[in-house]
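Visitor: please find the sequence and the predicted model below.
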Amino acid sequence: MKNLITFLKGTSLCLAFMIFFFNSANAQNQLEDAIKQLSADNVSGYMQPFLNGFSANMNSGFSGTANIENKFTIRIDAIGMATMIGSAEEMYNATPPQPFAQQTVRTATVFGDQGAVVQGPEGLSYKFQNGQLDMDYFPLVAPQLTIGNFYNTQLIFRFFTYSSDSDVPDIDMLGFGLRHGLNQYFSELPLDLAAGAFFQTFKMGEIIDTKFFSINGLASKEFSILTLYGGVQYEYSNMNVNYTLSGASADEDSEVDLSFSSDNHIRAIAGLNLNLGVVHLRTDFNLGNVSVLSASIGFGI
């Protein structure tokens, strides 16, 4: 039990530190500050690549096999996921605030570099927000607990919370789902088949609330300790941002409450799993609108 608690704590710390790549050595919450300066017209464009990468990661790594026999199973996994950040994710079309000309301008997303500067009347100028996450790939680590197999069904849980007096935003993550083996409904199939459904919530700081939903079908084939698996998945993710627009005058509508969804909907999954008794190693590649590389190490039976 002591080793399990230590493992969970270590995994949780990985999650906290890998989410936030602020430039400040003291992990100042620059991301929230940047978002609060964005109008409702621009915040979704600025954060869309973040949501795409974040949701692609969060909807990954649920399992490495479709073999769900009716026997007791319990396992804890540390799951690592990463999405690539290319040049297309670094820029978006933004609209300057009044009284500047209402023409779109190419400027930095949260993954970009310097925000664009536009010139206005009487020598006024406006600078869009800079990017806050300077990375070539977007990594994430999450702890996962699997319990089963009751009536050929597994229950999956993801849970993490982080609260501090520092400027790092508070984090609350909760996820749950189930996977059901399908071979019992067929006779002598050459492959194992399973279906799953998953729901997760992730609150970050005071202004970001994200929800994730996915359903998938998986097929696998065992070769001694090696299992090859593949499948397809449908997913939907939604982010809500709610904040008071920084610098808004008293006669302006300063409250921003906006929801927008991820561009990710369908993905293909292919991977392999090594079952070394109580140690389980898995890796897979997920191909979709955003591609994800996922890997995990797990302990259990």
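Guide: The structure has been received and is ready for your questions.

Visitor: and the longest strand for this protein?
Guide: The single longest strand within the chain, with elements called by DSSP state E, is strand 226-244.

Visitor: what's the next secondary structure element after it?
Guide: Sequence-wise, the next helix or strand downstream of strand 226-244 (DSSP states H and E) is strand 255-261.

Visitor: residues contacting the residue nearest the centre of the chain?
Guide: For the chain, residue 54 is the residue whose C-alpha lies nearest the centre (Cα atoms, centre = their mean; 2.9 Å). With contact taken as Cβ atoms under 8 Å, 6 or more residues apart in numbering, residue 54 is in contact with 138, 140, 202, 210, 237. C-beta here means a position set from N, CA and C on the backbone, and glycine is covered the same way.

Visitor: and it, that one's in a strand?
Guide: No: assigned with DSSP: H, G, I helix; E, B strand; the rest coil, residue 54 falls outside any strand and is helix.

Visitor: for it, give its distance to residue 272.
Guide: Distance, residue 54 to residue 272, using Cβ to Cβ, to the nearest Å: 26 Å.

Visitor: kindly report the same for residue 186.
Guide: Distance, residue 186 to residue 272, using Cβ to Cβ: 24 Å.

Visitor: part of a helix, is residue 197?
Guide: No: using three-state DSSP, the assignment for residue 197 is strand, not a helix.

Visitor: that one reaches residue 156, doesn't it?
Guide: No: between residue 197 and residue 156 there is no contact under Cβ atoms under 8 Å: 9.9 Å.

Visitor: these two: which is more packed in?
Guide: Of the pair residue 197 and residue 156, residue 156 is the one with more neighbours under other Cβ atoms under 10 Å, namely 21 against 16.

Visitor: now the contacts of residue 54 as CSV including distance to residue 110, pLDDT and neighbour count?
Guide: What follows is the contacts of residue 54, written out as CSV (distance: Cβ to Cβ, whole Å; pLDDT from 0 to 100; neighbours: other Cβ atoms under 10 Å):
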residue, distance to residue 110, pLDDT, neighbour count
138, 10, 89, 25
140, 15, 89, 22
202, 16, 93, 23
210, 14, 96, 22
237, 16, 97, 24
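
Visitor: from those, pick the one nearest residue 220.
Guide: residue 140 (24.3 Å; Cβ to Cβ).

Visitor: what helix or strand does the closest one sit in?
Guide: strand 137-148.

Visitor: output the contacting helices and strands for that strand.
Guide: helix 2-19, helix 40-58, strand 73-84, strand 153-162, strand 171-181, strand 292-300 (3 or more Cβ pairs under 8 Å, 6 or more residues apart in numbering; DSSP states H and E).
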